[in-house]
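Engineer: 3D model of this:
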Amino acid sequence: MQENGKLWHEDTEFWNTFADTMFSEARREETPKEVADIIAMLGIEPDSHILDLCCGVGRHSLEMARIGYKVTGVDRTKTYLDIARQKAADDNLDLELLEGDMRTFIRPDTFDAAINLFTSFGYFEDPEEDKQVVMNVYNSLKSGGVFLMDMGGKEVIARIYQERDWREEQNGTLLLQERKITKDWSWLDNRWIRISKSGERQEYMVSHRLYSAIELKSLLEDCGFRDVKVFGNFEGVPYDQNARRLVVRGRK
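Structural biologist: Residues are numbered from 1 along each chain as shown. Okay, here's the model as predicted:
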């Protein structure tokens, strides 16, 4: 819980505070390459309908719409969706952007593909809620539809783990992070401290479940996905000791 009594992932103030960190200029510049790799990994036709679950400010949704895909982006944070809608209007892009919770959003037999990227998963204390999210995606896909998930895998985090670090962002803001592994290596507690150039200090606890490759693969298989494959990045390299991300793809 945050000081305001809300769970961190349900706290709009948190998402607004760290928007510049999560959607930095550097990440925006990487978007076209990421989307090209993701589309190649999905193996879908240009007129396919894609669900971007937890789309944020629409970084990937907008690019996919730009190159000709039909896109539905879903996120719980209204301010992020407002940013995405404004960008879509500015660039004359046509896509659907909806406010919704991943635990309840479902549109049966609708999508050719679905994506859930950059550790937008595993936030809930009850693992059955994670399973419900995956089942919602499964049921929202057409037969033969493909689901791509991306996160910081447990194995990768163990290899690069630092208990504390900090960085200075372009606007002079300092971001300090303190991490603690808990619950028998199933959970990661992150203490995020943001200090603005003027000295204003904001602190949040960001906690989420850690998935290994076999755990995430098994979750998708338990929900009905077949031909589940594991990769180490969006380019499809092996998930081995050199992997940078945990990317899992399954088909309905």
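
Engineer: Just the mean pLDDT for the host helix or strand of residue 80, thanks.
Structural biologist: Using DSSP states H and E, residue 80 sits within helix 78-90. For helix 78-90, the mean pLDDT works out to 97.

Engineer: Then stretch 7-22?
Structural biologist: Across stretch 7-22, pLDDT averages out at 89.

Engineer: about what we covered before: mind exporting the helix holding residue 80 as PDB, just the C-alpha atoms?
Structural biologist: The C-alpha coordinates for helix 78-90 follow below in PDB (Å, rounded to 0.1, in the frame of the first residue of the first chain):
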ATOM      1  CA  LYS A  78      -6.800   7.700 -18.100                       C
ATOM      2  CA  THR A  79      -4.000  10.300 -18.400                       C
ATOM      3  CA  TYR A  80      -1.900   7.900 -20.400                       C
ATOM      4  CA  LEU A  81      -4.800   7.200 -22.800                       C
ATOM      5  CA  ASP A  82      -5.400  11.000 -23.200                       C
ATOM      6  CA  ILE A  83      -1.800  11.400 -24.300                       C
ATOM      7  CA  ALA A  84      -2.200   8.500 -26.700                       C
ATOM      8  CA  ARG A  85      -5.400  10.000 -28.100                       C
ATOM      9  CA  GLN A  86      -3.900  13.400 -28.600                       C
ATOM     10  CA  LYS A  87      -0.900  11.900 -30.400                       C
ATOM     11  CA  ALA A  88      -3.200   9.800 -32.600                       C
ATOM     12  CA  ALA A  89      -5.200  12.900 -33.500                       C
ATOM     13  CA  ASP A  90      -2.000  14.900 -34.200                       C
END
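
Engineer: what does the helix or strand that comes right after that helix contact?
Structural biologist: For helix 78-90, the following helix or strand on the C-terminal side (DSSP H and E) is strand 96-99. Residues outside strand 96-99 that contact it (CB atoms under 8 Å, 6 or more residues apart in numbering) are 55, 58, 61, 71-76, 78, 81, 84-85, 88, 105. Where you see a C-beta, it was placed from the backbone N, CA and C, and this is true even at glycine.
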